[in-house]
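>>> Task: produce atomic coordinates for the following.
(2 chains)
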2 protein chains.
Amino acid sequence: MLLEKLNWRYATKKFDPARPVPQDKIDKIVEAVRLAPTSSGLQPYDLLVITNPDIKAKILPIASGQTQVVDASHILVFAAWDTYTADRINAAFDFVEAERQLTGEALDNWNAYRHRLLNAYVPRDARTNFEHAARQSYIGFGFAIAEAAMLEVDATPMEGFDADALDELLGLRARGLRSVTMLPLGYRQADQDWLVGLKKVRRPKEEFVTVIR
Amino acid sequence: MLLEKLNWRYATKKFDPARPVPQDKIDKIVEAVRLAPTSSGLQPYDLLVITNPDIKAKILPIASGQTQVVDASHILVFAAWDTYTADRINAAFDFVEAERQLTGEALDNWNAYRHRLLNAYVPRDARTNFEHAARQSYIGFGFAIAEAAMLEVDATPMEGFDADALDELLGLRARGLRSVTMLPLGYRQADQDWLVGLKKVRRPKEEFVTVIR
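Purely as a prediction, here's the structure:
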């Protein structure tokens, strides 16, 4: 079922600007991202959902003129924490502690884990921490691509944009965030998309996979 | 459908060692990874599927004694290219060129793209290239987690292991690979898993998502 949809999907090059994605489908794609697992459950990234036409027009040059960012009805932006801080880690641990109503030994274990993480992450350089956070955002990125395919919503995974310029435009640095990936969402305009008819190419299984029995 | 399964899944802490995952389900999970998109379609990582009990026993200390690596019937290891080289990029581009039987203008465009990538990636330092490749592997990692959930196969996303030691054990460095993540696959032993009954906690949508209308 998912595999069939993963074969159906492709990196859409031309969206139909007249066909927006319904809100209930956007909500489901966003929910898939929110449910994605992350290291220690910290969810060290934010998700932005952009529909504003002026902002989309300003993203166009930032994305090297790739028209998907203006033709797609929605753009998801995955923006990772610029580093791990004690405040961020403590807020995440406090939240889980409250949601699970931890007490006694469970709470002691939870706080021991919290302190191991604080000791490991907070002194580490910001680049290493950002890379770790950015990696987590790719699991959610993958879930968004998968859920969009399930709903037969077209999507274009994008890394090739000027992240610094996008951060500036969206005010991300002031929020301690750095953009990592974008995912325009819409519906393909098949008669104007050069990629839609081309064969999906993947490395053969025998070459991609090593089995150790 | 996928969302329901994403709510069902959790990071399994105790697998039933007597209940292996059937081969047809493993094949589907592997296929989801193979179908995952990657930057420029390079698929810059390999997937290892480990069932050998001796190797699993040797991974146990490398994974800080987390028993999932011995109790799960299969371990997926995602191992990214240690850097981008001209050979690797050319092999990937040659393969797509042959599979799509590109000629004329399509071939010219493809080769122009190839040279842009060669110029951008080959001179870049290995750490930056590896990080980029590792990020791609997380999309496949996400697809594996999603497809396992679809099939109601339990899984434990793992980063907390000694990657250098795993690389040594599996001979990855000699192949120009570095381990990034592991995904033990099996079936939960619910009566021995402290996490199974705990509430799934995620950041609230209002806090996780920013809408720009």
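>>> use CA for all of it now, contacts and neighbours both
Fine.
>>> need the contact list for the residue nearest the centre of chain A.
Compute the mean C-alpha point of chain A, and by CA atoms, centre = their mean the closest residue is A:Phe141, 3.3 Å away. A:Phe141 makes contacts with A:33, A:78, A:181, A:183, B:139, as judged by CA atoms under 8 Å, 6 or more residues apart in numbering or on different chains.
>>> Can you report how many residues lie near the second one?
So that's A:Phe78. 24 (other CA atoms under 10 Å in any protein chain shown).
>>> which SS state does A:Leu166 fall under?
Following DSSP: H, G, I helix; E, B strand; the rest coil, we place A:Leu166 in the helix state.
>>> my bad, A:Arg124
coil.
>>> And it, how far from A:Asn109?
23 Å (CA to CA, to the nearest Å).
>>> same thing with A:Ala92?
In this view, A:Ala92 and A:Asn109 are 15 Å apart by CA to CA.
>>> So between those two, which is more surrounded?
Per other CA under 10 Å, whichever of A:Ala92 and A:Asn109 has more neighbours is A:Ala92, with 20 against 13.
>>> Would the longest strand seen in chain A count as contacting chain B?
For chain A, the strand with the greatest residue count under DSSP state E is strand A:177-186. No. Using CA under 8 Å from any CA of the partner chain, strand A:177-186 stays clear of chain B, with a minimum separation of 10.1 Å.
>>> What is whichever helix or strand comes after that strand packed up against?
Next in sequence after strand A:177-186, counting helices and strands by DSSP states H and E, comes helix A:205-208. Using 3 or more CA pairs under 8 Å, 6 or more residues apart in numbering or on different chains; DSSP states H and E as the contact criterion, the elements in contact with helix A:205-208 are helix B:23-35, strand B:45-50.
>>> could these go into CSV alongside mean neighbour count and distance to A:Leu48?
Output for those, formatted as CSV (neighbours: other CA atoms under 10 Å in any protein chain shown; distance: least, CA to CA, whole Å):
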stretch, mean neighbour count, distance to A:Leu48
helix B:23-35, 19, 26
strand B:45-50, 22, 29
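>>> Please name the nearest non-neighbouring residue to A:Pro157.
A:Leu183 (5.0 Å; CA to CA, 6 or more residues apart in numbering or on different chains).
>>> residues near that neighbour, how many?
Using other CA under 10 Å: A:Leu183 sits among 24 other residues.
>>> Now do the contacts for it.
Counted by CA under 8 Å, 6+ apart, A:Leu183 has contacts A:75-77, A:141, A:155-158.
>>> what's the answer for A:Val209, then?
So A:Val209 contacts B:46-49 (CA under 8 Å, 6+ apart).
>>> Check A:Leu3 too.
B:28, B:31-32.
>>> Tell me both backbone torsions, phi and psi, for A:Leu151.
Dihedral pair for A:Leu151: phi -90, psi 0, per degrees, to the nearest 10.
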